[in-house]
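Asker: Turn this into a structure:
(2 chains)
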Number of protein chains: 2
Amino acid sequence: ADPAALAGARAHQDSLTKPRGALGVLEEVAVRLAGAAGVSPPPLPVPAALAIFAADHGVHAQGVTPWPQEVTVQMVGNFLAGGAVANAFAAQIGASVTVVDVGVAADLPPAPGLTVSKVAYGTADLSLGPAMTAGQVVAALEAGIAVARDLVEQGARCLVTGDMGIANTTASAALICAFTGRDAAAVTGRGTGVDDETLARKVEVVRRALRANGLPGGAGGASGEGLPGGSDGVSAAGLPKGLPGGAGGVSGEGPSTGPGGASAEGRAVPALEILAAVGGLEHAAIAGFILGGAALRVPVILDGVIAGSAALAAAALAPAVVDHCVAGHRSAEPGHAAALAHLGLRPLVELELRLGEGTGGLLAHPIVCAAVRVMHEVATFDSAGVTDKEA
Amino acid sequence: ADPAALAGARAHQDSLTKPRGALGVLEEVAVRLAGAAGVSPPPLPVPAALAIFAADHGVHAQGVTPWPQEVTVQMVGNFLAGGAVANAFAAQIGASVTVVDVGVAADLPPAPGLTVSKVAYGTADLSLGPAMTAGQVVAALEAGIAVARDLVEQGARCLVTGDMGIANTTASAALICAFTGRDAAAVTGRGTGVDDETLARKVEVVRRALRANGLPGGAGGASGEGLPGGSDGVSAAGLPKGLPGGAGGVSGEGPSTGPGGASAEGRAVPALEILAAVGGLEHAAIAGFILGGAALRVPVILDGVIAGSAALAAAALAPAVVDHCVAGHRSAEPGHAAALAHLGLRPLVELELRLGEGTGGLLAHPIVCAAVRVMHEVATFDSAGVTDKEA
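Answerer: Here you go, the predicted structure:
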């Protein structure tokens, strides 16, 4: 983040006709976006563009959800027809909707609003071994970067992450375990609604996935403190040029690296290896989408637990990207709170949504706009002739 | 609330292409608004209209705030010039802004956007005796009702409460004590930002106000359980015709009544007597605004602690009005949470705002719109050809 823009934004906030700090969390949002944009006040984050990354999951075979896998492709059809909740929420804020097939387990007919960047027909079963090859992860990351670049070229000034993939909260839980060191039982949730028996199976599947891939947390029981996840300097490969340097800086050297967590034997596991082991194609693509938005200095509003787990990967690759992220909401999934705490992000909306699609991110967009608009439009004590108690 | 509309809205929610309950609190908001409107889906709550009720407070003389009283009139000027945070937030959602002088301690020049319904040049000092006469309370209530009626006639389909009045969190705290039975120390907060010494004085002033007016809670220390506040049938006077009957019904008989709390001697104190004793002119006007909106079946988004305390009075007069209210946010003031709990309302935004003006209510409006829009636009499992796991 740009220190001068941060300082300028803070001073500007304090000169406006309101008690200091009276806008609470919104003041910090506006200041952070100024730092990310490198200018105060930061640009209004309009128009917004939602990208829904869709993919299927081999782990579906383990019975982690009552929904059939075909629902992924059915819901893609629903998005393209404008009939899903994400479409209604996008219409509410004037956002465009782009559906990106990065790994749906079926061939989709071309349609307006659909970008086909299919890397595979779904992932392999992460509970048996790596979900993806290294090449697949990089291809999905690059697909996400390209979508961010295209949307910004088309005029978007705010990106909102969306996802669709039956069984993708299982991959999210495994990613969160690997990046934060939390126990599977603490971060695995009911997704779109599973019963107690399925939840217990889902926790066991996450543990098995960590074991099968040599990641910590597979043994069961609480694993103790979190593991470092991108808090030191990193090297990032295949990343867009021009990513603003933040706390950790980005040095762009070797391929497919970036520290992520630690293996069961204690070795540092690169973030891309963790993504390949237990991620989904939409997780990798969303990580790329975040990297792409950050590189272009456009704010990225994160949706729920899928975006949160993808952001852990993006932050492990390039810590500075977190400056460009806004946590749109906190979902009902327990792992989401763990991911946001690890990223140091406070969610704007907490209304027990557990839908995905980008719905929580879209709901937060007007709040982000309001926070920034204050910086552009509100009078100062001096200009309005209002007495300042601090003056 | 209309039982058929409530049931229809619940069934419609469950038929939409999303897991049951996946929109969390938003589903309940949409269902409640259907019940209040008497039709499912309920009308989209657009356009919205913000009314900022401005008034001064005799209790300012007790040193409960560092802000000079002139700031009330200065901020009215700022609202009319479009320079306040409420203006920026209203612009964000396309809401009109009306400033209503119900009791500013100065004569205001006519201006576009200003409605002058001045009842008095501020209240009397509530710490010494009644802040208002019974006639003043009724006049302020009627002013609020008239503003609601005028805005709806002009096309508003959602009303947002706003307030401006230096020292008005002190009156709010006293109202909340009287209506909920909570202790002054538990519900009195720092308002727009007072130091420890001023906060201690403010708590003592609230206690003195309750004592001086024969209301419970003036003795200091925790006063025990809450008092009944409008949970039984009520008679309401000076209220608009056509208020939809709810849990408690409205029987409209004698003047200036409606049960509110209990006196220090245990007698039931009418709500209007409590308003007169420790309220502000803007509190009474906002109570009227809520009654007026409810009578016209237009949803009213409540802002912060001033609106919350005014809603306690409105609900004591006519319990059914709560069905038409949406709690926009929860402010940093501790009394606000107590008021919302008493009303049974869950706030939509919790971002530590403590500004007033209607800012928290305006922030919530897009969320309410999104909740209702889902009912109008989202496809059903059948229509979209999506497999329903529950079917």
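
Asker: residues contacting residue A:68?
Answerer: Contacts here follow CB atoms under 8 Å, 6 or more residues apart in numbering or on different chains; on that basis residue A:68 touches A:166, B:387, B:389. (Glycine included, C-beta is placed from N, CA and C.)

Asker: Need the buried ones from the residues you listed selected in PyMOL.
Answerer: Selecting only the buried entries of the contacts of residue A:68 in PyMOL, with 16 or more other CB atoms under 10 Å in any protein chain shown as the criterion:
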select buried, chain A and resi 166
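
Asker: Dump the contacts of residue A:68 to JSON lines, plus pLDDT and secondary structure.
Answerer: Conversion of those to JSON lines gives the following (pLDDT from 0 to 100; DSSP: H, G, I helix; E, B strand; the rest coil):
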{"residue": "A:166", "pLDDT": "97", "secondary structure": "coil"}
{"residue": "B:387", "pLDDT": "91", "secondary structure": "coil"}
{"residue": "B:389", "pLDDT": "81", "secondary structure": "coil"}
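
Asker: where along the stretch 151-300 of chain A do the helices fall?
Answerer: Using DSSP state H, counting those that start in this stretch, the helices of the stretch 151-300 of chain A run over A:168-180, A:184-187, A:196-212, A:271-278, A:281-295.

Asker: which helices and strands sit right next to the second one?
Answerer: Packing partners of helix A:184-187 (3 or more CB pairs under 8 Å, 6 or more residues apart in numbering or on different chains; DSSP states H and E): helix A:168-180, helix A:196-212, helix A:334-343.

Asker: Reformat the contacts of residue A:68 into CSV and put distance to residue A:74 next to each item.
Answerer: CSV is the format used below for the contacts of residue A:68 (distance: CB to CB, whole Å):
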residue, distance to residue A:74
A:166, 10
B:387, 6
B:389, 12
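
Asker: quick check, nearest of the contacts of residue A:68 to residue A:274?
Answerer: residue A:166 (22.0 Å; CB to CB).

Asker: quick one: contacts for that closest one?
Answerer: Taking CB under 8 Å, 6+ apart, one finds A:56-57, A:60, A:65, A:67-69, A:71-72 in contact with residue A:166.

Asker: Buried subset of the residues you listed as a PyMOL selection?
Answerer: The PyMOL command for the buried members of the contacts of residue A:166 (criterion: 16+ other CB under 10 Å) is given here:
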select buried, chain A and resi 56+57+60+65+67+69+71+72
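
Asker: picking that back up, ok, of the contacts of residue A:68, which one's closest to residue B:159?
Answerer: residue B:389 (39.7 Å).

Asker: ok so, going back, which of the contacts of residue A:166 fall in helices?
Answerer: A:71-72 (DSSP state H).

Asker: Now pLDDT too, for the contacts of residue A:166, in CSV please.
Answerer: Converted to CSV, the contacts of residue A:166 look like this (pLDDT from 0 to 100):
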residue, pLDDT
A:56, 98
A:57, 98
A:60, 98
A:65, 95
A:67, 95
A:68, 96
A:69, 97
A:71, 97
A:72, 98
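
Asker: Can you give the strand pairings for the helix or strand of chain A with the lowest mean pLDDT, parallel or anti for each?
Answerer: Within chain A, judged by mean pLDDT, DSSP states H and E, the helix or strand with the poorest mean is strand A:259-262; its value is a mean of 71. Partners of strand A:259-262 in the sheet, by DSSP bridges, are strand A:268-270 (antiparallel).

Asker: Report the mean per-residue pLDDT for the partner strand.
Answerer: The pLDDT scores in strand A:268-270 average 84.

Asker: mind listing what's buried in it?
Answerer: For strand A:268-270, by 16+ other CB under 10 Å, it's A:269-270.

Asker: Residue A:281: what's it in contact with?
Answerer: Contacts of residue A:281 by CB under 8 Å, 6+ apart are A:53, A:55, A:102-103, A:119-120, A:122-123, A:132, A:136, A:140, A:165.

Asker: If we use 6 Å, what do you get?
Answerer: With contacts defined as CB atoms under 6 Å, 6 or more residues apart in numbering or on different chains, residue A:281 is in contact with A:55, A:102-103, A:119, A:140.

Asker: And residue A:18, by the same measure?
Answerer: B:85, B:355.

Asker: element containing it?
Answerer: Counting by DSSP states H and E, no helix or strand carries residue A:18.

Asker: So which residues of the stretch 1-150 of chain A form helices?
Answerer: Here the stretch 1-150 of chain A has its helices, by DSSP H, counting those that start in this stretch, at A:3-15, A:25-37, A:70-81, A:85-93, A:134-153.

Asker: May I see these organised as CSV, with distance to residue B:87 added?
Answerer: Shown next, in CSV, are those (distance: least, CB to CB, whole Å):
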stretch, distance to residue B:87
helix A:3-15, 17
helix A:25-37, 15
helix A:70-81, 36
helix A:85-93, 20
helix A:134-153, 30
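
Asker: Before I go, just wanted to say thanks for your time.
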